[in-house]
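Enquirer: when you get a sec, could you give me coordinates for this:
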Amino acid sequence: MKRMLGYGLAIMIVALASVRSMGNALPAEDRLWVEAKINGQPVQLIFDTGTGFFGLYSQTARRLGLVYTKADESIKADPGQVILGCTEACNVQIGTNVLRACLGVIELPAILPNSVDGIIGWPNMSNNILRIEADRGRITSLNEVPPAATDWTQCKLVAGADVLRLEMKQPGRAAITIFVDTGNEDGVKLAPELWQAWKREHAQQPLTMNGYYTESLGLGVTEEGFGEALPIGALLLHNVPVCAAHKADLLHGTITFGMAALKRLDMIVDGKHGVAYLHPKETPPPPYKHNRLGAIFMPLDLQHEALLAHVAPATPAWEAGIRDGDALLRIGTLDATQWRTDPEVLPLSRFWSRPAGTKHQLTLRRGPQQYQVEVVLRDILTPKNTTPASPKPSLPLDSLQLVQ
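Expert: Numbers count the residues shown, from 1 in each chain. Reported below is the predicted structural model:
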């Protein structure tokens, strides 16, 4: 990827490998917030190590009155990359840092709810020593690595990458490449062969379904389980969600750490010296908000209308008789077929992540026949011990050095 943020920039090229769940913008507690000002007007950005993008969503650019240009279609991107438009030059303030820059502009499909103003990606934060405390929704800029962290597991940062990639050495074996994606709410995502091996070793592990959307690859579905003890090289993570990685993740590593995985780690990233320090947490895990129905409903692609079921066995959805390919028509009295136009329908995930014991009356269609079922949500991915979620402060980044 070419890093093109700077004065007078006309085009931003960015690899968009970060995941946004279908119909489910990341909840506030699963984001690392950065408060900023664009031309003196406040905006909220998320710090996303899974992208090289620094810029705004199109609705934010319009709200701020910024003129933005379309990218030159003659410019070719590398595989997995997308060419975006760019704003006029504007003043950007983050903490005490002020720079003048043209910002990239990205536009999500209208059906995907979004409450974020913009994103600051890894390249623009990479010249710092950062402590990432995902369980507190906080990141701080340090002057030096704390002495205690030097005893933690160390990984080398992959130099020149526009996303945060770590290389974990293994004596006598190939190194493990870990993609760290703070823009994704999932836990540990494994390359297909690793995921299949995990499933074989945990054949009795309950599974649910997880849907996602990536800007470069579109819609997708994966199974999701829970790992009570998950060894990754020298690390042993406890009580972490586990699922299969998708193609966008695999562009960057065989293993991906999303926010739910990072909540089970103490982590310091020394971008100045190219080293990351990781230490598994011994504290009880926070509650994990997951799909308690065991089914995902989504269209074949963004052009299709029907919301089709993807069902995990032995889940509330399966036990109620829902099967793959069944089309969702109603949730109670809510007409789910109006998901493109009725803001009450999306995100669907809010219905399936409600507390265990919640009941839903669903109307579905299988072939020409309609049928109704009652489903009762239950906990499928359950940590052994949980602690209440703590408040999520904004990021204290006054000493941050921004890379242009």
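
Enquirer: endpoints of stretch 87-100, how far apart?
Expert: Start to finish, the residues bounding stretch 87-100 are 11 Å apart (C-alpha to C-alpha, to the nearest Å).

Enquirer: buried ones in that stretch?
Expert: By 16 or more other C-beta atoms under 10 Å, the buried positions in stretch 87-100 come out as 87, 90, 92-95, 99. Heads up, the C-betas are built off the backbone N, CA and C, glycines and all.

Enquirer: likewise stretch 227-237?
Expert: Residues 227, 230, 232-235, 237 are the ones in stretch 227-237 that count as buried (16+ other C-beta under 10 Å).

Enquirer: what's opposite residue 297 in the beta bridge?
Expert: With DSSP bridges applied, residue 297 shows beta-bridge pairing to residue 309.

Enquirer: separation between it and residue 363?
Expert: Applying C-beta to C-beta, to the nearest Å, the value for residue 297 to residue 363 is 12 Å.

Enquirer: quick one: name whatever helix or strand follows the lengthiest strand in the chain.
Expert: Secondary structure of the chain read by DSSP state E shows that its longest strand is strand 218-232. As assigned by DSSP states H and E, the chain's next helix or strand after strand 218-232 is strand 235-244.

Enquirer: quick one on the thing from earlier: what about the buried residues of stretch 87-100, which are in strands?
Expert: Among these, the members falling in strands (DSSP E) are 87, 90, 92-94, 99.

Enquirer: determine which two of these are furthest apart.
Expert: Spanning the widest gap among those are 87 and 94, at 16.0 Å by C-beta to C-beta.

Enquirer: contact partners for residue 322?
Expert: 295, 309, 311, 362, 364, 373, 375 (C-beta atoms under 8 Å, 6 or more residues apart in numbering).

Enquirer: how about the residues you listed in JSON lines, adding neighbour count and pLDDT?
Expert: Putting the contacts of residue 322 into JSON lines (neighbours: other C-beta atoms under 10 Å; pLDDT from 0 to 100) gives the following:
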{"residue": "295", "neighbour count": "26", "pLDDT": "97"}
{"residue": "309", "neighbour count": "22", "pLDDT": "97"}
{"residue": "311", "neighbour count": "22", "pLDDT": "98"}
{"residue": "362", "neighbour count": "24", "pLDDT": "98"}
{"residue": "364", "neighbour count": "23", "pLDDT": "98"}
{"residue": "373", "neighbour count": "16", "pLDDT": "98"}
{"residue": "375", "neighbour count": "25", "pLDDT": "98"}
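
Enquirer: and those residues, which is closest to residue 136?
Expert: Nearest to residue 136 among the contacts of residue 322, with distances taken as C-beta to C-beta, is residue 295, at 32.3 Å.

Enquirer: for residue 47, see how far away that closest one is.
Expert: The gap separating residue 295 from residue 47 is 32 Å, by C-beta to C-beta.

Enquirer: swap in residue 104?
Expert: From residue 104 to residue 47 the distance is 15 Å (C-beta to C-beta).

Enquirer: what about the two, which has more around it?
Expert: A count of neighbours by other C-beta atoms under 10 Å puts residue 104 above the other of residue 104 and residue 47, at 30 against 21.

Enquirer: pLDDT value on that one, please?
Expert: With respect to pLDDT, residue 104 scores 89.

Enquirer: partner strands of the longest strand of the chain, parallel or antiparallel?
Expert: Strand pairing for strand 218-232, using DSSP bridges, gives strand 208-214 (antiparallel), strand 235-244 (antiparallel).

Enquirer: in JSON lines: the contacts of residue 322, plus secondary structure and distance to residue 181.
Expert: What follows is those, written out as JSON lines (DSSP: H, G, I helix; E, B strand; the rest coil; distance: C-beta to C-beta, whole Å):
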{"residue": "295", "secondary structure": "strand", "distance to residue 181": "25"}
{"residue": "309", "secondary structure": "strand", "distance to residue 181": "27"}
{"residue": "311", "secondary structure": "strand", "distance to residue 181": "27"}
{"residue": "362", "secondary structure": "strand", "distance to residue 181": "32"}
{"residue": "364", "secondary structure": "strand", "distance to residue 181": "34"}
{"residue": "373", "secondary structure": "strand", "distance to residue 181": "36"}
{"residue": "375", "secondary structure": "strand", "distance to residue 181": "31"}
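
Enquirer: out of the ones in strands among the buried residues of stretch 87-100, which comes closest to residue 256?
Expert: Nearest to residue 256 out of these is residue 94 (C-beta to C-beta; 26.4 Å).

Enquirer: give me the below-cutoff pLDDT ranges for the chain.
Expert: Low-confidence segments of the chain, defined by pLDDT under 70: 1-29, 71-84, 108-114, 214-217, 384-404.

Enquirer: now do the helices in it.
Expert: 58-63, 192-201, 247-250, 259-262, 316-319, 349-352 (DSSP state H).

Enquirer: would a markdown table of the ones you listed with mean neighbour count and distance to residue 38 be doable?
Expert: A markdown table is the format used below for the helices of the chain (neighbours: other C-beta atoms under 10 Å; distance: least, C-beta to C-beta, whole Å):
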| stretch | mean neighbour count | distance to residue 38 |
| --- | --- | --- |
| helix 58-63 | 18 | 8 |
| helix 192-201 | 13 | 40 |
| helix 247-250 | 20 | 28 |
| helix 259-262 | 25 | 25 |
| helix 316-319 | 22 | 43 |
| helix 349-352 | 20 | 30 |
